[in-house]
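Visitor: Next come a sequence and a model predicted from it.
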There are 2 protein chains.
Amino acid sequence: MPDDAAGESAAPGRTIRMRDVARAAGVSTMTVSRALSSPEKVSEEVRRRVEAAVSAIGYVPNRLAGNLSSSRSDVVGLIVPSLENSLFSSTIQGIATVLRRNGYQLMVADCGYSQADEEALIAAFLEQRVAGLVLHNTSHSPRAREMIRRAGVPVVENGTLVDDPLDMVVSYSNEGAARAMTLHLARLGYRRLGFVCLPTATNDRSVARQRGYRAALREAGLPLDPALMLEMPPGLGAGAEAVVRLAEEPGRADAIFFAGDVMAIGALFECQRRGWAVPGRVGIAAFDDFELLGHTVPTVTTLRLPRLEIGRRSAQVLLDRIQGRSTGKLVVDLKFEIIHREST
Amino acid sequence: MPDDAAGESAAPGRTIRMRDVARAAGVSTMTVSRALSSPEKVSEEVRRRVEAAVSAIGYVPNRLAGNLSSSRSDVVGLIVPSLENSLFSSTIQGIATVLRRNGYQLMVADCGYSQADEEALIAAFLEQRVAGLVLHNTSHSPRAREMIRRAGVPVVENGTLVDDPLDMVVSYSNEGAARAMTLHLARLGYRRLGFVCLPTATNDRSVARQRGYRAALREAGLPLDPALMLEMPPGLGAGAEAVVRLAEEPGRADAIFFAGDVMAIGALFECQRRGWAVPGRVGIAAFDDFELLGHTVPTVTTLRLPRLEIGRRSAQVLLDRIQGRSTGKLVVDLKFEIIHREST
DNA sequence: TTGTACGCGTTATCAG
DNA sequence: CTGATAACGCGTACAA
């Protein structure tokens, strides 16, 4: 077969189908299909002819057709509250990497902390016939739960460990982490522990963290002072405002645990600006393992959370189910770790 | 038609097809199809019957089948160098939002700054028959270019303004931005301007920024001192190292322009650690508009880049092409802006 | 090892 | 406005 097609310049006009490859290789489409998806079931000779034909005519398989025909799917859907929040980035990265290594693709969307939007997105993904779903949120509208149940798709939730998971869960304990950090601060001798978190109304994680803080105070025998607790919107500015509100008057908080987003960083900068010694005047602890927190002056005590690993494991357990290597509900509790640094 | 199906709890067993809806509504599948995708072409009466049937039996359309049948696609593919880098997050957000508002879904992948990986991902996306592609990188393997050309899919590149775009470009001028900032520093009276960027070998943007720096020095009549130029890997640590190498001995750089990633922040923290006054001992300028840079002490001079807008516009021009509202190559040059702050 | 017949679930086309 | 019929491009199931 003369093959000057290497650098060929066919017009983007007509779609090339499997039958074109079949014709060029002198076999049936079925043989082409096999040569491409299970080369071992085809003779050496034929395999080479098919490969040659494929690259000669520049054939690109149509997975839509393949998936429709086999009633399978090689796409997984992911819904996070926000694509802009860098905290979710490592999880996304972990998921994408593991999926791709296994020949799956990832579809992403953000639901902006809204259950209604999440429901719409779940519907959209089910219409795409995703093989599985990863949801960051752990509370869902009844209709969403119902759609998922009826579709029978495997689901992984990974925002926090939940009591009644839809299906599988891969996460860490937000409550446990908040409790551990609070106890850590108490053990360091702080007595008036401020606590700042994101709005609990729309955020399961915040609720759990607040619960952990409260539990730790009880265990440590410290009083719960509502004046020391704040809910703030995300952002650096909120952190700055919070530290002022909680630590301006002498005799208020002697340390503040910022249980969300980048608030601790905003607070630290505000202290620098005002010349407040950290931890001299007020100790600061954060919740997330931004690389940044290890470089600031002073470096900031925080929790190391398994964000990347959550992504990887989520993808893995999902694939295990999709490919039939596992069944039934599953809860994977990944570890967190306290990183003690200069700010406390 | 008796309809007690509202809260029904069918087993996730059998797939519900359009014909099931058709039967329940007493019409043909074609009418169901029309009632769902162009309701105006169907009688009021029939439309309601179909809608009722759909929600009664819990029908979820199969887009794979629809796309296959109509030879269309409602999925767009996006390839970024890294999903973990928060700089890309706003762009992703912008793309996703505009796409979703128009009924399209987004598939994402990261190619880790490798052309070979990008090529593989492009192939994978073409197999999924994406309706369009958004690529952050602007240099591609010959095979990648060829595949794209033959597939005839619309493509938007958005890493930097390119000379010979594959198709459409939505970006800002990395060269122009670097030039503008360098001139800005010269105008402020700095004379020994250090320049730090990411490795130029694998990064188009870095090359362009370096070009801008050089051009600005010429224009300002300042000598180009190779000892003041550094290429560093991404990260806070690299910034810290760079500032020490360029500004430790008195008489070296009097200001440093960090043209990439978070290096400027790492440098600033290192200065704090060493007690170096910024800008007293050394001025610092950054390239990206991390919110953080407006909150540090001192706040950091930087460029405001239209990351979110790049995402939105990329999606828009792509949709315009996909839906036939435009043809031909297109270059959209979005503006950047210098934010002068305390660090210079 | 290879091929044939049929179906995957939808939409385009054209007739009524 | 509605319906019958034929694709869309491929994989499953079986037969050769």
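Guide: Received, thanks. Numbers count the residues shown, from 1 in each chain, chains lettered A, B, ... in the order given.
Visitor: For A:R100, which residues are in contact?
Guide: Taking Cβ atoms under 8 Å, 6 or more residues apart in numbering or on different chains, we find A:R100 in contact with A:106, B:109, B:121, B:124. Every C-beta, even on glycine, is put in place using the N, C-alpha and C of the backbone.
Visitor: which SSE is it in?
Guide: helix A:86-101 (DSSP states H and E).
Visitor: any idea of the mean pLDDT for that helix?
Guide: If you average the pLDDT over helix A:86-101, you get 93.
Visitor: Between helix B:86-101 and it, find me the angle.
Guide: For helix A:86-101 against helix B:86-101, the angle by axes from the mean of the first three to the mean of the last three Cα atoms, to 10 degrees is 80 degrees.
Visitor: partners of the helix or strand just after helix A:86-101, with directions?
Guide: Downstream of helix A:86-101, the next assigned helix or strand under DSSP H and E is strand A:105-110. The pairing partners recorded for strand A:105-110 under DSSP bridges are strand A:75-80 (parallel), strand B:105-110 (antiparallel).
Visitor: Put together JSON lines for those, with distance to A:I265 on each row.
Guide: Shown next, in JSON lines, are the strands paired with strand A:105-110 (distance: least, Cβ to Cβ, whole Å):
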{"stretch": "strand A:75-80", "distance to A:I265": "21"}
{"stretch": "strand B:105-110", "distance to A:I265": "26"}
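Visitor: now, of these, which is deepest in the fold?
Guide: The highest mean neighbour count among the strands paired with strand A:105-110, using mean count of other Cβ atoms under 10 Å in any protein chain shown, belongs to strand A:75-80: a mean of 25.
Visitor: which residue sits closest to the residue sitting nearest the centre point of chain A in space, ignoring its chain neighbours?
Guide: For chain A, the residue nearest the mean C-alpha position is A:T91 (3.7 Å; Cα atoms, centre = their mean). Counting by Cβ to Cβ, 6 or more residues apart in numbering or on different chains, the nearest residue to A:T91 once its immediate chain neighbours are dropped is A:G311, at 3.9 Å.
Visitor: so what's the one you found up against?
Guide: Per Cβ under 8 Å, 6+ apart, neighbours of A:G311: A:90-98, A:158.
Visitor: Please, which helix or strand holds A:G176?
Guide: In this assignment (DSSP H and E), A:G176 forms part of helix A:174-187.
Visitor: Packing partners of that helix?
Guide: Here helix A:174-187 touches strand A:193-197, helix A:204-220, strand A:255-258, strand A:283-285, strand A:302-304, strand A:337-339, going by 3 or more Cβ pairs under 8 Å, 6 or more residues apart in numbering or on different chains; DSSP states H and E.
Visitor: Of those, which is nearest DNA strand D?
Guide: When the helices and strands packed on helix A:174-187 are compared by Cβ to the nearest atom of the strand, helix A:204-220 sits nearest DNA strand D, at 38.9 Å.
Visitor: Report the angle between that closest one and helix A:174-187.
Guide: Going by the same axes, to 10 degrees, helix A:204-220 makes 40 degrees with helix A:174-187.
Visitor: DNA strand D contacts on chain A?
Guide: For chain A, the residues in contact with DNA strand D (Cβ under 7 Å from any atom of the strand) are A:15, A:17-19, A:29-30, A:33, A:36-37, A:61-62, A:65-66, A:68-70, A:72.
Visitor: buried ones in the helix holding A:R100?
Guide: A:86-100 (16 or more other Cβ atoms under 10 Å in any protein chain shown).
Visitor: what distance separates stretch A:119-132 from the centre of its chain?
Guide: Relative to its chain's centre, stretch A:119-132 lies at 17 Å (Cα atoms, centre = their mean, to the nearest Å).
Visitor: let me redo that: stretch A:59-76
Guide: What separates the centre of stretch A:59-76 from the centre of its chain is 26 Å, taken as Cα atoms, centre = their mean.
Visitor: Which positions within that stretch qualify as buried?
Guide: When burial is assessed from 16+ other Cβ under 10 Å, stretch A:59-76 yields the following buried residues: A:59-68, A:73-76.
Visitor: Stretch A:288-305 now?
Guide: Quick answer for stretch A:288-305 (16+ other Cβ under 10 Å): A:288-290, A:292-293, A:295-303, A:305.
Visitor: Ramachandran angles for A:T296?
Guide: phi -70, psi 170 (degrees, to the nearest 10).
Visitor: Over to A:S43?
Guide: Backbone torsions of A:S43, given as degrees, to the nearest 10, read phi -70, psi 140.
Visitor: Just the residues contacting stretch A:216-227, thanks.
Guide: Against stretch A:216-227 from outside (Cβ under 8 Å, 6+ apart): A:178-183, A:186-187, A:191-193, A:214, A:252.
Visitor: Report the mean per-residue pLDDT for stretch A:152-161.
Guide: On average, stretch A:152-161 scores 95.
Visitor: just how off-centre is that stretch within its chain?
Guide: Distance, stretch centre to chain centre, for stretch A:152-161: 11 Å (Cα atoms, centre = their mean).
Visitor: what's the span of that stretch, first residue to last?
Guide: 22 Å (Cα to Cα, to the nearest Å).
Visitor: now do stretch A:57-65
Guide: 19 Å.
Visitor: Counting neighbours, what do you get for A:G283?
Guide: For A:G283, the tally of surrounding residues (other Cβ atoms under 10 Å in any protein chain shown) stands at 24.
Visitor: Tell me what the nearest residue to it once chain neighbours are set aside is bridged to.
Guide: Distance criterion Cβ to Cβ, 6+ apart; nearest residue to A:G283, sequence neighbours excluded, is A:A255 at 3.3 Å. Beta-bridge partners of A:A255, counted by DSSP bridges, are A:L193, A:G283.
Visitor: just checking, A:A255 touches A:L193?
Guide: Yes - counting by Cβ atoms under 8 Å, A:A255 does reach A:L193; the two are 5.7 Å apart.
Visitor: coming back round to it: let me have the helices and strands packed on helix A:174-187 in CSV, extended by distance to A:G266 and mean pLDDT.
Guide: Output for the helices and strands packed on helix A:174-187, formatted as CSV (distance: least, Cβ to Cβ, whole Å; pLDDT from 0 to 100):
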stretch, distance to A:G266, mean pLDDT
strand A:193-197, 10, 97
helix A:204-220, 17, 96
strand A:255-258, 9, 98
strand A:283-285, 10, 98
strand A:302-304, 14, 97
strand A:337-339, 19, 97
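Visitor: could you show me where the helices are in the stretch 201-344 of chain A, in order?
Guide: A:204-220, A:236-247, A:263-274, A:307-322 (DSSP state H, counting those that start in this stretch).
Visitor: how big is the angle separating the longest one from strand A:193-197?
Guide: Orientation check (the same axes, to 10 degrees): helix A:204-220 against strand A:193-197 gives 170 degrees.
Visitor: and helix A:204-220, which residues are buried?
Guide: Neighbour-count burial for helix A:204-220 [16+ other Cβ under 10 Å]: A:204-217.
Visitor: and which of the residues you listed is nearest to B:E270?
Guide: Comparing the buried residues of helix A:204-220 against B:E270 with Cβ to Cβ places A:R209 closest, at 32.4 Å.
Visitor: ok, now how distant is the closest residue to A:S28 other than its chain neighbours from DNA strand C?
Guide: Take A:S28 and drop its neighbours on the chain: the residue closest to it by Cβ to Cβ, 6+ apart is A:A22, 5.7 Å away. Applying Cβ to the nearest atom of the strand, to the nearest Å, the value for A:A22 to DNA strand C is 7 Å.
Visitor: thought A:A22 was touching A:V32?
Guide: Yes - using Cβ under 8 Å, A:A22 is in contact with A:V32, at 4.9 Å.
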